[in-house]
Every structure is written in structure tokens, then in C-alpha cells.
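# What shape does this take:
(one chain, ligands or ions: 2)
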Amino acid sequence: MTREGDVAYQHLMQPLDLGFTQLRNRVVMGSMHTGLEEEKNGFSKLAAFYAERAKGGVGLIITGGISPNFRGNLVPFGSQLSFGWQVKKHIQVTEAVHAEGAKICLQLLHAGRYGYHPFNVAPSKIKSPITPFTPSEMSKRQINNTIADFAKAAALAKKAGYDGVEIMGSEGYLINQFICQRTNQRKDDWGGDFTNRIRFPLETIKAVRQRCGEDFIIVYRLSMLDLVEDGNSYDEVVELAKAVAEAGVTIINTGIGWHEARIPTITTRVPRAAFSWITERVRKEIDIPVMATNRINTPQVAEDILAHGQADMVCMARPFLADADFVNKAAANKADEINTCIACNQACLDHVFQKKRASCLVNPRACYETELNFEPAAAPKKLAVVGAGPAGLAFSVYAAQRGHQVTLFDKSHQIGGQFNYAKQIPGKEEFYETLRYFGRMLELHHIELRLNSEQSVESLQQAGFDEVILATGIVPRPVDIEGIDHPMVLSYLDVLRDHKAVGKNVAIIGAGGIGFDVAEYLTENNSLTLQPDAWLKEWGVDKAYQARGALLPDHRPEPAARKIYLLQRKTTKVGAGLGKTSGWAHRASLKSKGVESIAGVQYRKVDDHGLWIEIGGEERCLQVDNVIICAGQMPLRALQAGLEATGVPVHLIGGADVAAELDAKRAIRQGAELAARI
Ligand SMILES: Cc1cc2nc3c(=O)[nH]c(=O)nc-3n(C[C@H](O)[C@H](O)[C@H](O)COP(=O)(O)O)c2cc1C
Ligand code: SF4
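Numbers count the residues shown, from 1 in each chain. Ligands and ions are numbered 1, 2, ... in the order given. Below you'll find the model as predicted:
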């Protein structure tokens, strides 16, 4: 712990001398492709995005992946650096970052067989399980040209003012595809034994070094855990690390898991710093600086990694979407003011996968730095906010930041609304951080918080507010099934809020986000979030690293003590509406615990035998002790009509506006956007 009078997070804040250049601290903003790279005039927005992070104190920024040639694009016509005329837009970024005292490296990423287009190429003609396009096998000429393209792109990056490049060698992209037998079955000099398979990354590094000279940072992102069958062995990882250092790399960054791996590596369920042990092991084998990555989201977690000698630098990606000022706040010993990344992926990776601009659930300004701003209000107003859930909290903080006088009411004894239920779900404990952050912001912006305070039209009218913001949230939607009043029937609030006893056999009606959360809650007796080793074991990661790819052979997860049926009316795949980048992990987690998901269910009745359902015309009784209703919500707008009748302007935000599903991302953004214009 940092004590008063100490230099806050002294390991983290220590400069790093690379010989030809110095980094002002050990904090690196990890690579994130935001989608701005492909937008019209996106680079000026990108410059503002990176400049804010540089101003916020980060030592080194690594840009999102940019392809060195056309075939290496992740998506058709993705962002590429191959020609002199493309340099100009990058100069905006490097100048903006340098003006704020940080260094910046451009990431060079060739997608190989992950390219989501018919022009993709790979060492061998083997389709990836996550793309529909079979790659064509690279000819020797194509291989040599691709190496030259990497070198040319690096030279253009140098010309644009970048301090270096990161060569993306992990996560299953082209370079990784050369290194592993799984994807490289060539019989020529570029395949076969390990020496041949690592020829491509080594030649690429040497070409970049030769073209860009000695005073240029080359980071190599090295896959330390492939987490796929036929991935590298530990000895091969070490051999590769030594070889890339020898070939001219300045810093090694950690890469964890191919994208096709079936083990989550960045979702909220992954414990903090769950993979720093492998960085520590590899670091002992080499002499150049090494960065730890993945799920490092607070200054203390980062500091501990450095203090325990697990890495020389800490690379955090999403935490810089959540808070641009992460480093300055840590340095000023104000970690409690940091807006913490909760690893939900909902507004960042999920957006990128939907070809939308990345942002952040807890910080809707991320990637909207030039568009969403909270300028001082021309005429400050006296505002009432009713409901201290995510929408009400976000509105209050941003409106107060603009100078409005805000009173925030909630009838409960605590802030947070539905977040208070979410934070109890195993793996969603990070929601505590969001509530800690908002709580601190309420204090900092002198927002009058009135808890245990039920408001009426009259009370609000008498207080003389200029405008009222209703963020009153939702109530669970009742369902119309015979026997719904049976004592075995509970709502999700009975379970998550009131902690009512639940039996050994359970049917959950509704398989949306809440149905999944309740299932997770009921399959766990305690949370694994803070126990990385238990989590690694649960998912079959071999920490001893005796097997290739670090996968435990014949891994069988333990089923849960409860029998749970997760049911939905719709005939689509259960959980189809969950986030693109984390839904599969939720489904896999529940399946491994024996949860039975059933789609296309007609609910008939509840009686002493259990829940009667019909599937495909066949009637069946699920003999359960409890039926838990997670079948959606209805908006709570009781005050709206009465207030409007008084003539006071009323705004609905969050669940009170649209309650189709509990959607914190939408709620927070809506609160922020209203605050920016009110
Ligand atoms: C929106 C988004 C885009 C990303 N794009 C890249 C990328 O272009 N190249 C890359 O190496 N990693 C990329 N990543 C992965 C991050 O660099 C990082 O490994 C991952 O987010 C885990 O670290 P974190 O927990 O600190 O976020 C991306 C992550 C996000 C959230
Ligand atoms: S959207 Fe979620 S995961 Fe992504 S940066 Fe924000 S809090 Fe982190």
C-alpha cells in the first residue's frame, strides 16, 4: 500500500532508460483499434483521443493495429500504412502525443488467416474457426514481399514521427500462424522445425531494425500462452523470446491466447493480473524489458506486478478508455478518483466487432473527445435527479461538472440501482469500482445526495427545481402463467436483492443478461474473481506449462451443486443477445457447470410438481424447487405525467426511458449526453 508522504506507486512512476530514449514512467497504453482509423477525418479524432491519454501521464502509447499491406487487413479496406501519402494523417497523432510528453509506437498487425475478406493469406491453406474465408497459401515471393512491407511501413511510421513500432506476433495473427505447427505445415524454409517456423518473425524484426536504425523502439508482442492445441511449448516460447531480443527487439510485450482459443483472456470473469506469472517466468530468461498485460486495471495491481519483479513495464489497454487520467491520478495518490475498467467489453471490443466506433461503458467520452464535452453552462440551473442508478449518477456528475446545481434523490439507502445486484454476480465484482468512482465524484462535485428519500410531484414542485430528470429505473415484468403465485416462484430481485433461499433444482424463465447472471450466481458458492489459480484450473490452463499451448490435457470442469434449467421462449440460440466477445464465455461457463439451456419453450403452469413446459409439441414437467422469473422489465415513470402537468421540464433517462433490457451502457451514455446539452 502507498502511504501518505510516499511517492505514490513508485515502481510504476519510475522512468525507463532505453539508451537512445527515455520513457517517463513504466505505464504503457496497450494497442486498441478503435474504428476511428477507418472513419472519414478519423485521424484528427484519433489525435485528440491519444493526446488526452498522453496529457493524462501515460509513458508510452501503442496505437491500434495497422496493416503493412492490403492482404494483411483485418477487414476489407482496413487501415493500412504502405504509401508515402498516408504519412500525413499519422503526423497529426504523433505531434499531438509528443506535445503532451509521451512516446508513441505504431502497431503493425498483419491479420493472416484472421483477415475477414477473400484476399487473406497464411503460411498454409488452413481456415481459422472464426472466419468464413479460407486463406491462400503464401508463396515464397509473397513472404519476402510481406517482410519488406513490414519494413517499409515501419520506415513510414518513423517518417510520421512515431518513436517506434510494435510488431504484433501474438493472438493468432499472421506471425503467430508462422510460428505454430497448428497453422504452419509448410515444407520449405519457412515451415517444418521451430528454427524455420520462427524465421518469419526474426527476418521481419531484422528488416525493420535495418530500415529504421538503432534509435527506434521495436516492441515485439510475443504469444506467451497460445491456449490452443498445437500451440507453442514453454521451451519454444523462451527460445523465441531470446531470438527476438537477439534480432533487435527493444521491449517484449506479452500476448495471451489466440482469438480462436476457447479460454477467456480479457472478460470480466478473468481475475485481475491472471497472466502476470507467465511474463515473470519469461522475463527471468531474457535481458531486455518485458511488459505484463491483460486485466491489470488499478494502479495497485500494476504496482504490485513491478514491485514483485514480474515485469519491467505494465501495459494496460481498456483502463485508458475508462479513464484518460489514470496515470496522473495515480501519481497524485488519487486512485479513488480513477474510473476503473470493469472488463465488460460492451462498448469497446463488442463495438469493434460490430464495425462501430469503440467507446467505454463507464466513460462515454472515450473516442468522442471532440464530440462529447462538458463545457461550463451559460446559465446554471437547479436540477433534480430522481434515481441514483447508472443513468442518474452519470447525469448528475457531468451536469455538476458543468456548473449546474444538482440534487440527487434515491428511495434506497445506497446509490447504484441495478448495479448493486450485478456486482454480486461472480465475475461482476468490478461493478463495485464503478460505484466507488461515482460515489467519489458525487463528493468531489458537491452534489447533494438524498438517500432514503421517496419523491412526489408535490415535494419536487415545492423545492422549485428548474428541471427534473427521471432516472427512476424499472420494475420486473410480471409473467402470465397459471400458478405464478405458487410459493416456489421467485423474481430475480427476490434472489439477488433479498437473498431468499433457493433450492437444489431451479428453472430460470428468461435467458437474457439477467437470466444468465442469476444462473452464474446460483452455480457458484463463492467468487473466483480474486483467485487466479483457481480460475486458471477451472478453465484448464496448465500453469506448470507442461503441455503445448498451456492447455491441461483431458480437462473436465466440475459440475455445479445445483441443477439449473435456463429457459427462453424464443427459438434462437440461448444467449444469442449477449455481447459478441464475451457471450461465448458465459455460455461455455454455464455449460461446463451442467446448466441446461432450452430454447423454444412454452410455459404451461407451475404446481407442486414443478414447472410444466411444452417443447416442440411435447409436454414435460421440470421437477424443480424454485422457478425464478427473469423475463424482462417495465419502465418506472410514475412521476412523469404529474410533473409535466405542473409545467416543469421533465427528462427520462435510463431504464425509465427504455426498459427493454437492463442496459448500463445506454443509461450512462444517455445521462452524459443529456448533461452535455441541458
Ligand atoms: C477495442 C479494442 C481493440 C483492440 N485492438 C487491438 C489491436 O489492434 N492490437 C492488439 O494487439 N491488441 C488489441 N486489443 C487487445 C489489447 O491490446 C489488450 O491486449 C486487451 O484489451 C487486454 O488488456 P486490458 O485488460 O488492459 O484491456 C484490443 C482491445 C480492445 C478492447
Ligand atoms: S467498455 Fe467495459 S471493458 Fe471496455 S473499456 Fe469500458 S469498462 Fe472496460
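# model confidence over the longest helix anywhere in the chain, on average?
In the chain, assigned by DSSP state H, the helix with the most residues is helix 140-159. Looking at helix 140-159 alone, the average pLDDT works out to 98.
# Tell me which other helices or strands the helix or strand just after it touches.
Next along the chain after helix 140-159, taking DSSP states H and E as the criterion, comes strand 164-169. On a contact count with 3 or more CB pairs under 8 Å, 6 or more residues apart in numbering; DSSP states H and E, strand 164-169 meets strand 103-108, helix 140-159, helix 174-179, helix 199-212, strand 217-225, strand 251-256. C-beta coordinates here come from the backbone N, C-alpha and C atoms, glycine included.
# Out of the ones you listed, indicate the one that is most buried.
Highest mean neighbour count among the helices and strands packed on strand 164-169 (mean count of other CB atoms under 10 Å): helix 174-179, with a mean of 28.
# what's in contact with it?
Residues outside helix 174-179 that contact it (CB atoms under 8 Å, 6 or more residues apart in numbering) are 72, 110-113, 121-123, 146, 167-170, 183-184, 190-191, 197-201, 204, 223, 226, 232, 236, 240, 255, 258.
# That helix close to ligand 1?
No. Figure legend: helix 174-179 not in contact with ligand 1 (CB under 6 Å from any ligand atom); closest approach 11.0 Å.
# immediately after that helix, which helix or strand?
Next in line after helix 174-179, if elements are assigned by DSSP H and E, sits helix 194-197.
# can you list the residues of this protein near ligand 1?
Checking the chain against ligand 1 by CB under 6 Å from any ligand atom, the hits are 30-33, 64-65, 107, 109, 168, 221, 266, 293-296, 316-319, 348-349, 352, 358.
# In helices, which of the residues you listed appear?
319, 349, 352.
# Take the lowest-mean-pLDDT helix or strand in the chain, keep the C-alpha atoms, and write them as PDB.
Ranking every helix and strand in the chain by mean pLDDT, DSSP states H and E puts helix 583-592 at the bottom, with a mean of 82. Extracted C-alpha coordinates of helix 583-592, given in PDB (Å, rounded to 0.1, in the frame of the first residue of the first chain):
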ATOM      1  CA  GLY A 583     -21.300 -14.200 -24.700                       C
ATOM      2  CA  TRP A 584     -19.500 -17.400 -25.800                       C
ATOM      3  CA  ALA A 585     -17.500 -17.400 -22.500                       C
ATOM      4  CA  HIS A 586     -20.800 -17.100 -20.400                       C
ATOM      5  CA  ARG A 587     -22.400 -19.900 -22.400                       C
ATOM      6  CA  ALA A 588     -19.300 -22.100 -22.100                       C
ATOM      7  CA  SER A 589     -19.000 -21.300 -18.300                       C
ATOM      8  CA  LEU A 590     -22.700 -22.300 -17.600                       C
ATOM      9  CA  LYS A 591     -22.500 -25.400 -19.900                       C
ATOM     10  CA  SER A 592     -19.400 -26.600 -18.100                       C
END
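# In the ones in helices among the residues of the chain next to ligand 1, which residue is surrounded by the most others?
Neighbour counts for these (other CB atoms under 10 Å) peak at Pro319, which has 26 neighbours.
# What is the neighbour count of the nearest residue to that residue once chain neighbours are set aside?
With sequence-adjacent residues excluded and distances taken as CB to CB, 6 or more residues apart in numbering, Pro319 is closest to Cys341, at 4.5 Å. Residues lying near Cys341 (other CB under 10 Å) number 30.
# dump the residue contacts of Cys341.
297, 318-319, 321-323, 360, 362, 430.
# same question, Glu260
So Glu260 contacts 128-130, 172, 228 (CB under 8 Å, 6+ apart).
# hmm, back to that, counting contacts, what elements does the least confident helix or strand of the chain pack onto?
Helix 583-592 packs on helix 513-523, strand 596-598, going by 3+ CB pairs under 8 Å, 6+ apart.
# Does the longest one pack against any helices or strands, and if so which?
Taking 3+ CB pairs under 8 Å, 6+ apart as contact, the helices and strands that helix 513-523 lies on are helix 492-496, strand 505-509, strand 563-567, helix 583-592.
# swap the cut-off to 6 Å and go again
Here helix 513-523 touches helix 492-496, strand 505-509, strand 563-567, going by 3 or more CB pairs under 6 Å, 6 or more residues apart in numbering; DSSP states H and E.
# a markdown table please, covering these and showing mean pLDDT.
Output for the helices and strands packed on helix 513-523, formatted as a markdown table (pLDDT from 0 to 100):
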| stretch | mean pLDDT |
| --- | --- |
| helix 492-496 | 92 |
| strand 505-509 | 96 |
| strand 563-567 | 94 |
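# and these as a markdown table, adding distance to Asp312?
Formatted as a markdown table, those follow (distance: least, CB to CB, whole Å):
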| stretch | distance to Asp312 |
| --- | --- |
| helix 492-496 | 42 |
| strand 505-509 | 47 |
| strand 563-567 | 45 |
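# With ligand 2 as the reference, name the closest of those.
Closest to ligand 2 of these is helix 492-496 (CB to the nearest ligand atom; 20.8 Å).
# can you pull out the helices in the stretch 401-550 of the chain?
419-422, 431-444, 457-462, 492-496, 513-523, 532-538 (DSSP state H, counting those that start in this stretch).
# of all the ones in helices among the residues of the chain next to ligand 1, which comes closest to Asn328?
Nearest to Asn328 among these: Pro319, at 13.2 Å, using CB to CB.
# on that earlier part again, also near ligand 2: which of the residues of the chain next to ligand 1, exactly?
Checking the residues of the chain next to ligand 1 against ligand 2 (CB under 6 Å from any ligand atom), the matches are 318, 348.
# where does the stretch 51-200 of the chain dip in pLDDT?
Nowhere does the stretch 51-200 of the chain drop to pLDDT under 70.
# How about it: which residue is closest to ligand 1?
Gly65 (3.2 Å).
# can you pull the contacts of that residue?
Shown in contact with Gly65 (CB atoms under 6 Å, 6 or more residues apart in numbering): 33, 107, 109, 168.
# Mind doing that once more with 8 Å?
31, 33, 74, 107-109, 168.
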